[in-house]
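**Q** Give me coordinates for this.
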Amino acid sequence: MGGAGQRNVSERVRHMEGEVKHHHTYESVGRGFLAQDDPKTSIRSFNYLESDFGLVKRSWEEFKRDFDKMCEEADENTRYKVLYLARHGQGEHNALLLKHGDNVDLKRDPELTSLGVQQGKNNNAGWKEQIKKGIPLPQSLYVSPFTRCLDTMYYTWDGILLNVENSPVEPPLMMEDLREDIDYHTCNQRNVRSYYEKKYPGVIIEAGFTEEDELFTGDDIESLAEHNVRTTRFLDKLFDWDWDSPEPHKFVSVTSHYGTVESFLSTIGHVLFPVGTGDMVPVIVKATRVD
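**A** Residues are numbered from 1 along each chain as shown. The predicted structure is shown next:
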């Protein structure tokens, strides 16, 4: 899966791989744009595929117009981006945990179940429906280094941004900071680098990505605050690389995990909106530079 490809070391990739140069504070400002940013939205009954991804504005054209106005009126220390935060489809470990609870052995880097594959395909159909309605497409793709996320990303964007000629986006960038909570569950131990290089040749693997998973120990439990450090580091790089560009990437796709999406929402002060397997929550992020 992933098609032929080679490492394209663009300015964006080099910047995302580098050290953090500037720090920012982050705030969720999607209230009035997206239903998921409203505490009154029912978490239990909400289905983003049946709700125009949570669109509150009368149309995506109005959404983009009002969002662009926010961007145009921003001062030199403020920038905005829309992040499409997707969780992978159901993995083999999710199905086992649902059936047996924690008393089950989980293999490293599990794959999607047939339901997980279908969830990715449902997302693909959902995006095609919203494209007809004018939704702004992502201008760059980021993904966690786990099979379940990479496959979900490909099923979601197949024939839209991936596996198409003259795609408007660079190859997806796989980054360690987007992985799931680092804990004792073996399912959260990633595969070796050479596995991803062989299976996903169309993905750019960030520089410094080691062959073995050197972050997973099997006994550490990463707190939300510790995970937020990784998320903030990603956001700092994401906003900083095109801060002064006349054509910044204002729409970004991130395919990751439940804990990672939770960390994004926590970091930006968003309503803690749980995402099921295969779900996606769009957010508008305001970044304020502090140094």
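**Q** The stretch 1-150 of the chain: strands as residue ranges?
**A** 24-28, 78-87, 140-143 (DSSP state E, counting those that start in this stretch).
**Q** any low-confidence regions in the stretch 1-150 of the chain?
**A** Counting by pLDDT under 70, the stretch 1-150 of the chain shows low-confidence ranges at 1-9.
**Q** what are the phi and psi values for the residue lying farthest from the centre of the chain?
**A** Of all residues in the chain, residue 103 has its C-alpha farthest from the mean position, at 29.6 Å, by Cα atoms, centre = their mean. Comment: the main-chain dihedrals of residue 103 come out as phi -80, psi 60, following degrees, to the nearest 10.
**Q** ok, and the closest non-adjacent residue to the most centrally placed residue in the chain?
**A** Within the chain, the residue whose C-alpha comes closest to the C-alpha centroid is residue 254; the distance, by Cα atoms, centre = their mean, is 1.7 Å. In space, and not counting its chain neighbours, residue 254 is closest to residue 142: 4.9 Å by Cβ to Cβ, 6 or more residues apart in numbering. Using the backbone N, CA and C atoms, a C-beta is placed for each residue, glycine as well.
**Q** wait, doesn't that neighbour sit right on residue 171?
**A** No: with contact defined as Cβ atoms under 8 Å, residue 142 and residue 171 do not form a contacting pair (11.0 Å).
**Q** Where does residue 210 sit: helix, strand or coil?
**A** The three-state label for residue 210, taken from DSSP: H, G, I helix; E, B strand; the rest coil, comes out as coil.
**Q** what's it sitting at in phi/psi?
**A** According to degrees, to the nearest 10, the main-chain angles of residue 210 amount to phi -80, psi 160.
**Q** Now do the contacts for the closest residue to it other than its chain neighbours.
**A** Closest residue to residue 210 apart from its sequence neighbours, by Cβ to Cβ, 6+ apart: residue 193 at 6.5 Å. Residues counted as contacts of residue 193 (Cβ atoms under 8 Å, 6 or more residues apart in numbering) are 205, 209-211.
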